[in-house]
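Got a sequence here, can you model it:
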Amino acid sequence: MTVWTKTFRGLVLIIALAAFMPNQALAEGEVGDDGLHKQSWFLESFLDLREDLSEAQDKGKRLAIMWEQKGCPYCAETHTKNLAIKEISDYIKANFEVIQLNLWGDREVTDLDGEVTTEKKLARKWGVVFTPTIHFLVEENELQDGKPGIRQMAAVMPGYFKPFHFVRMFEWVKERRYEKQHFQKYIAEMVQKYHDEGKDVNMW
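Okay, here's the model as predicted:
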């Protein structure tokens, strides 16, 4: 067997393996088979949200649910712009577990009230009408038995936020500032802090 033949067969094998593992070959922010942009660090689980919340807290993290849909331009921008900024993605990875759900998806999900349903039915139950929407769940010790996830939110990011506001919301939730401070006041505080430190603030 010639060197060229061995090389050719090796390339064929690599291509064949790639065909069976399309998502593993994706770069950060690229589109998967379901039409949604992907991040390798998003949590892959059995989608039992109570278990996911517990496991996140065991790691010292909060749990966020990110709703997206195929063809959503603002979902794409969340991945290709916001999450492409290393400081933002590093902060979220260190402090949150993020579960990506499909607004029209058929995967089985167990809500916090124990109901087993599908992604698209859960989206209706939680009142998700546009994407992206990010739900930040309360902490485990704050859960109320028998109540669905929509009644157990610490905060909601309703739509696309530009990078500065985007990461500030994650900070606001992680530091539990929602207990005592409106999000817009936190934004104003952070803008002033940046100005005092002589840093540029790109709000848009």
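
Distance of residue 61 relative to residue 67?
For residue 61, the distance to residue 67 (C-beta to C-beta, to the nearest Å) stands at 19 Å. C-beta coordinates here come from the backbone N, C-alpha and C atoms, glycine included.

which one of those two has more residues nearby?
Taking neighbours as other C-beta atoms under 10 Å, residue 61 and residue 67 compare with residue 67 leading, 25 against 19.

quick one: the strands in this structure?
For the chain, the strands defined by DSSP state E cover 62-68, 96-102, 108-110, 116-118, 133-137, 153-158.

Switch those over to a markdown table; also include mean pLDDT and distance to residue 168.
Putting the strands of the chain into a markdown table (pLDDT from 0 to 100; distance: least, C-beta to C-beta, whole Å) gives the following:
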| stretch | mean pLDDT | distance to residue 168 |
| --- | --- | --- |
| strand 62-68 | 98 | 14 |
| strand 96-102 | 98 | 14 |
| strand 108-110 | 98 | 28 |
| strand 116-118 | 98 | 32 |
| strand 133-137 | 98 | 13 |
| strand 153-158 | 98 | 10 |
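
looking at those strands, which is closest to residue 172?
Using C-beta to C-beta as the measure, strand 153-158 is the one of these that comes nearest residue 172, at 7.1 Å.

Distance from the chain centre to that closest one, please.
Taking C-alpha atoms, centre = their mean, to the nearest Å, one finds strand 153-158 lying 13 Å from the centre of the chain it belongs to.

Alright, calling it a day.
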